[in-house]
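Undergrad: Need the 3D shape of this:
(4 chains)
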There are 2 protein chains.
Amino acid sequence: MNSPKDDIDRIFHALGDPTRRALVERLSAGPQSVSSLATPLDVTLTAVMQHLQVLEESGLVRTEKIGRVRTCRVEPAGFAVLQKWLSDRRSMWERNLDLLGDFLAEEE
Amino acid sequence: MNSPKDDIDRIFHALGDPTRRALVERLSAGPQSVSSLATPLDVTLTAVMQHLQVLEESGLVRTEKIGRVRTCRVEPAGFAVLQKWLSDRRSMWERNLDLLGDFLAEEE
DNA sequence: GGGATTGTCAAGTAGAAACTTCAGTATTCT
DNA sequence: AGAATACTGAAGTTTCTACTTGACAATCCC
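TA: Numbers count the residues shown, from 1 in each chain, chains lettered A, B, ... in the order given. Presented below is the predicted three-dimensional model:
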């Protein structure tokens, strides 16, 4: 019962928050621990944890705890869903423009 | 003073709402009036108007009023910004994987 | 002109989301 | 063992957001 519709919902919701997007951007440069992610941000560690949980549930980020440190990294598969949504939209309106072109061509 | 950072912020925020995403998806199939967009949705016309305003401010949708009807259509340029953000992230983590590969190769 | 259609504006409300504090646990370091 | 580090969980607060209602304006149709 985990439809792709829900996936894309969670993904866009996750990226809708600027702090979470900043986390993703920093993780794109490479894996990091929770506290190193928190350091430059002016929010508490708890807040960062909550953001990471949202990101993880959306499938954009994967985390793994070893010893007492939890390492976070980007999960490319999540981004593939986003890329697909974008491509689907584009192909839709491009098809419409083509149809319009055909129509106009037949007019003359 | 309209940095690309703000652009991407508005774009992701706009798409973070499922109703707005539904509007975008339907507009991808072709231009529509506000009321025809509102009909299948179980929210008021006013709510749809508010969503469209957010979408327009984000640059994802363009609207034009002729007579009493406002026609809405997708604005591809807005999506290009989104596509670029996505490509930038991907190229970042791909580069990192390459570097990791090089490092591992030198190990042996 | 009069009624129906289509959209706009202002103000208010309910629920969601982000963030905080604080207390607690597991792990590592000395 | 004791102190420091890194995170976890529960609970409360505040700010934001989606949505509504109701009054109003412009346009179209008969």
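Undergrad: And the residue of chain A closest to DNA strand D?
TA: Minimum separation of chain A from DNA strand D (CB to the nearest atom of the strand) falls at A:Ser35, amounting to 2.8 Å. The way it works is simple: take the backbone N, C-alpha and C, and place the C-beta from them, glycine included.
Undergrad: just checking, that residue is part of a helix?
TA: Yes - judged by DSSP: H, G, I helix; E, B strand; the rest coil, A:Ser35 forms part of a helix.
Undergrad: For it, which non-adjacent residue is spatially closest?
TA: Leaving aside its sequence neighbours, A:Ser35 sits nearest to A:Leu45 (CB to CB, 6 or more residues apart in numbering or on different chains; 6.2 Å).
Undergrad: same thing with A:Thr19?
TA: Nearest one to A:Thr19, counting by CB to CB, 6+ apart, is A:His51 at 5.8 Å.
Undergrad: what sits against that neighbour?
TA: A:17, A:19-20, A:23 (CB atoms under 8 Å, 6 or more residues apart in numbering or on different chains).
Undergrad: Check those for burial and list the buried ones.
TA: Among the contacts of A:His51, those buried by neighbour count (16 or more other CB atoms under 10 Å in any protein chain shown) are A:17, A:20, A:23.
Undergrad: and the lowest-mean-pLDDT helix or strand in chain A, which residues are buried?
TA: Lowest by mean pLDDT, DSSP states H and E among the helices and strands of chain A is helix A:76-107, with a mean of 83. Of all the residues in helix A:76-107, those buried under the rule 16+ other CB under 10 Å are A:78-79, A:81-82, A:85-86, A:89-90, A:92-93, A:96.
Undergrad: Tell me which two in the residues you listed are the farthest apart.
TA: Farthest-apart pair in the buried residues of helix A:76-107 is A:Gly78 and A:Asn96; separation 28.9 Å (CB to CB).
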